[in-house]
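> Please find the sequence and the predicted model below.
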Amino acid sequence: MTAVTGETPLQGNGLLGQPLDSREDPQLLRGEATYVGDIDLAGTAHMAILGSPIAHAKILSIDTKAAEQLPGVLKVATAADFTDVMPLPCIWIPGGVESHFPPHPYGLPGSRPVLSGDTVRHVGDPIAVVVAETPRQAAAALAAISVEYEPLTVVTRADEALAEGAPQLHEAVPGNLNAYWTCGDKDRTDAAIAAAEVTVELDLVNQRTINSPIEPRGAVGDYNAATGEYTLYASTQGPHNHRFLLSALVLGIPFNKLRVVAPTVGGSFGTKGYLYPDMPLVLLLSKVLGRPVKWVDTRTGLMNSTVQGRDHRQHVTLAGTRDGRITAVRCTSYANLGAYPSTIGPGVATALMGRSISGMYDIDAAFCEVYAAFTNTVPLGAQRGSGRAEAAFLMERLVDRYASEIGMDPAAVRRKNLVPKEKFPYDNGLGWTYDSGDYQLNFDRAIELSGYADMPARKTEARARGKRLGVGIASYVAICGVGPSTRMSKEGMLGGTWESANIRVHPTGEVTVTVGSASTGQSHGTVFAQVAADELGIDPSQVQVYEGDTLKAPYGQGTYGSRSYSMAAPAIALTARKIKSKLVKAGAVFLGVPEDKVVYADGKVFVEGHEDDTENTKTFAELAMAMWYGWGLPPEIEPALDETTHFDPPDFNYPFGTHVAVVEIDELTGETEVVAYTAVDDAGHIGNPKIVLGQIEGSIVHGLGQALMEHAEYDPDGRLVSRDLGHYALPRAIDAPFFTLDKTTTPTPHNPLGAKGAGEIATVPPAAAVVNAVVDALSDLGVRHIDMPVTPEKVWRRLRGESQ
Amino acid sequence: MDLSLNVNGRPEQFAAQPNELLVERLRDGLGLTGTKVGCDTGQCGTCVVRLDGRSVKSCLILTAAAAGSAVTTIEGVTTPGGELTGLQEALRQEHGTQCGFCTPGMVMALGELVENTSDREAPTEPEIREWLTGNLCRCTGYHSVVRGVQRACSAAREDAPAQPATAAASGQEG
């Protein structure tokens, strides 16, 4: 038991850290949750979107007459129908750079039209919409729309888009360069590299991948003509953000006339926080038709319209001494933003990636430059581990390359360069200040657990079976807890990134918690109840959590970047402390003693020293009822218990970890199998280890997917070859080995729970760990690098001495 | 064309277009939205239902081809808000779900595996993973699902009556 007296906020009752079962699970297991595709409002009409079949063209004409005549068709609309609608804005252009994109009417840097009217810039670029009585009728009518195109030359790679003579995507963006962004100290880094005893270089492709939540996106728009209010039901991870962007910046309607509701959302991994044309379209068309309008994407539509991830081409250099001390790291990256700047894509491709490149290492000089370019591909956005995974990949590949060059064990090189414990808070020279960490402890734990010392013997044993065994290590630091609003403004993010929570104690002693965050499968209802119950000293079953509806929930930014438990949960804890503080004041009145004699603990207030004495005690339920009546309260204590906190932390938090992959490569087929995987992650204090375990496991498999099979591949004409799940390989159950998992715990000082981000952090290192392991397995053949995805064909060719 | 199906024990008669998919009939025609649609190509497995006891992808079957059959959807597995099956309970204990969109399809596919466990050796981990290859999950990485199935299979075997004749007499199987 920990007690709290007066204003002093202390900890809770020990519920946090317990692996409570997810209260969301039974409903999900019974198939009773309502996703956007399951919403069936009376009178709903159905929308389908015509996406461009070619990657780059001028639109000469669009003829919709035939489509309008088809059975069930209610409306066919093109860009000409939406001339008074503002473009969709981009709200994260990295700070300190000049953006060349034509400004949004409100002065925002970067935008795209709701529908493309004169030019299409990627396959899937929306041109027209049909609304019909049934989904099938709407889809059928798309085929009857004739569009005349004048094809233009296509470019799909960032480096090629920046080359002289490349096709131009936007008139106002000469050379297709959206942003040139840098961080770190160029002169110092160049000098360190020039003076180094050893330098190693790599050319890396961090291939484009598709997040592929199993639920495609969807949206239902419902306009109420009587009140002038719009309601949007959407598969969104940030309903408040979507409300702000849509009302103020796109539709130009009063903020208080738009309600956004996130029903149960079927996964996101970054993609469902973005603003897409379908969202304003269903609202506008609902107003035009006077009926709810519903749109649910297909898988192929998702592949061609929902933001994609990663996609950097990099030249990276590491300098060091002959005895394994890293002295500098430098990265030049060509980032492919796709055809338009997505809501926050440019920030993901620059700041989130560049400021993380030195990873867990104490390096004297570091520099990163990013050329962020437009191409004829789907707009770029976040993807589970976004930016941080790209950074870890380049650094961890470089460390292995360096270890090989100086003939030192890769684990020993890493150990020698870890940021020492006493150096925290640690300024990494690239713009981040790491909050806390014990990297040595974490690293040693992972190495020990993986059985690293036994690998030579295992390699020999594997060879006897026709397999090449390789081992790869990858360590990482992941920036999480976005975040400090002022800090984000310096990064060029247009918007506050704080999070809020409200706690209302009902007269019967039950508690409702509402938060601005919004789950996409993270069991917020379970964990947030746990946080409130822990602080208040009550049973979690007394606490109900609501989120995802802008009408009911306090403002907040949503779930992204593994922020909910280190942003929304602290807001809940701080609000609970306000409640407790108020109950101590009120308790003094009810118990007739001075406030400094009143203690709140275990869900009751009592006179100090009289915890078990009912005369001198008020239980939580008694207090709730007394506060509801408000009898006898002095004027300075308001009746009722209803408190809100807006939490804006002083800085980000920085989880970290070390993963070790062991692979076996079949000499005959070139197939790579991950035969063992060890992960030791540090996310500070964890609220519910059962739920975090699932997120860690899923994240690792996602990372293995990028290493081994996932690739959003475009043909030279800009068509997405991997356009469905038959052509885009997601890891299946047989692709996932069981893992050896452990954790270290270094709390962050930046929030009252000591919680760091957890949800996606384990996606950051697996790609590097696996590729390091594959290169290790093939190193005696002279292989120094192999591009992802590491397909059997690529390995098979290398086994036969062919170059990449 | 006029067709009939037995869905979750209830006879259903309706007029259907020849090209109607079974998943459309279930979701749009009968309002059984527990069955999900996640892809266009039969890959993801969110639409798995049981057709005469066997798990099938309802997006790959025309309603007409299923005519006269018995279809069980996730809504037929439990009553609303009711007690979970052994498999569902095991998945709950192992938190074998996150966003839950793939979950109904998994419960339907895995149900067939678990039900057949009581009278034979419990499936090995590779067998469970092999059985799961038709169901894609992006959240969990499958581990908690596999653990859930192992737990459910153990329970199914423990619960299996020692003498099959007794089981048949009690009517508890299936």
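That came in fine, so what should we check first? Numbering: from 1, shown residues only, chains lettered A, B, ... in the order given.

> who does the longest helix seen in chain B touch, helix- and strand-wise?
In chain B, with assignment by DSSP state H, the single longest helix is helix B:143-159. Helices and strands touching helix B:143-159, by 3 or more C-beta pairs under 8 Å, 6 or more residues apart in numbering or on different chains; DSSP states H and E, are helix A:689-708, helix B:86-93, helix B:103-115, helix B:125-131. Every C-beta, even on glycine, is put in place using the N, C-alpha and C of the backbone.

> Report the buried residues of it.
By 16 or more other C-beta atoms under 10 Å in any protein chain shown, the buried positions in helix B:143-159 come out as B:143-153, B:155-156.

> what's the closest of the residues you listed to A:V675?
Distance to A:V675, by C-beta to C-beta, is smallest for B:H143 among the buried residues of helix B:143-159, at 15.6 Å.

> Ramachandran coordinates for A:V173?
Torsion angles at A:V173 (phi, psi; degrees, to the nearest 10) stand at phi -120, psi 80.

> which residues of the chain score low on pLDDT?
Looking at chain A here, since you left the chain open. Low-confidence segments of chain A, defined by pLDDT under 70: A:1-12, A:95-110, A:804.

> actually chain B
B:160-174.

> Those residues of the stretch 101-250 of chain A touching chain B, which are they?
Applying C-beta under 8 Å from any C-beta of the partner chain, one finds that the stretch 101-250 of chain A approaches chain B through A:135, A:211-216.

> 6 Å - rerun?
A:212-215 (C-beta under 6 Å from any C-beta of the partner chain).

> Highest neighbour count among those residues?
Highest neighbour count within these: A:E215, with 30 neighbours (other C-beta atoms under 10 Å in any protein chain shown).

> Pull the contacting residues for the spatially most central residue of chain B.
Central residue of chain B (C-alpha atoms, centre = their mean): B:M108, 1.0 Å from the mean position. Taking C-beta atoms under 6 Å, 6 or more residues apart in numbering or on different chains, we find B:M108 in contact with B:48-50, B:55.

> who in chain B is up against chain A?
For chain B, the contact set with chain A under C-beta under 6 Å from any C-beta comprises B:33-34, B:38-41, B:43-44, B:74, B:78, B:88, B:91-92, B:95, B:97-104, B:129, B:132-133, B:136, B:138-144.

> Tell me the buried residues within these.
Buried by 16+ other C-beta under 10 Å: B:33-34, B:38-41, B:43-44, B:74, B:78, B:88, B:91-92, B:95, B:97-104, B:129, B:132, B:136, B:138-144, out of the residues of chain B next to chain A.

> Among the residues of the stretch 101-250 of chain A next to chain B, which are located in helices?
Per DSSP H, these never map to helices.

> Turn those into a markdown table, including distance to A:G509.
Shown next, in a markdown table, are those (distance: C-beta to C-beta, whole Å):
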| residue | distance to A:G509 |
| --- | --- |
| A:S212 | 44 |
| A:P213 | 38 |
| A:I214 | 39 |
| A:E215 | 37 |
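
> Quick check: the gap between A:G221 and A:H46.
The spacing between A:G221 and A:H46, counted by C-beta to C-beta, to the nearest Å, is 12 Å.

> Which of the two has more residues huddled nearby?
A:G221 (29 against 22).

> check which helix or strand covers the residue nearest to that one when sequence neighbours are not counted.
Leaving aside its chain neighbours, A:G221 sits nearest to A:V282 (3.1 Å; criterion: C-beta to C-beta, 6 or more residues apart in numbering or on different chains). Element membership for A:V282, per DSSP states H and E: helix A:278-289.

> Alright, that wraps it up for me.
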